[in-house]
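Asker: here is a sequence together with a model predicted from it:
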Amino acid sequence: MNVRVDWNDSSAGYEIYYDIPDLHKIDASQGNSDAEGFYERDVYWRVIADLESLGIGSELRAL
């Protein structure tokens, strides 16, 4: 999974983008049936923790 965090002037906050080049390698039997599910279950909280450690709290993240 590739995760990118960029500043967005129009929303005045950081936006998180992700993609999975090898989506076919996600095993649906492990509960990861699509990119969104995989991101939300396994990656989102790690990204948020990393951003928080850099001082990028929820007030600086775009919705």
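Answerer: Arrived safely.

Asker: for the closest residue to M1 other than its chain neighbours, give me the pLDDT.
Answerer: Of all residues not flanking M1 in the chain, I20 sits nearest, at 5.0 Å (Cβ to Cβ, 6 or more residues apart in numbering). Using the backbone N, CA and C atoms, a C-beta is placed for each residue, glycine as well. With respect to pLDDT, I20 has a value of 86.

Asker: got the contact list for I20?
Answerer: Going by Cβ atoms under 8 Å, 6 or more residues apart in numbering, I20 touches M1, N2, I26, A35, F38.

Asker: contacts only, for the second one.
Answerer: With contacts taken as Cβ under 8 Å, 6+ apart, N2 has the following neighbours: Y18, D19, I20, P21.

Asker: may I ask which of the contacts of I20 has the most neighbours?
Answerer: F38 (20 neighbours; other Cβ atoms under 10 Å).

Asker: correct me, but it touches M1?
Answerer: Yes: applying Cβ atoms under 8 Å as the test, F38 and M1 come out as touching, 6.9 Å apart.

Asker: hmm, back to that, which of the contacts of N2 are buried, as a ChimeraX select command?
Answerer: Selecting only the buried entries of the contacts of N2 in ChimeraX, with 16 or more other Cβ atoms under 10 Å as the criterion:
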select :18,20
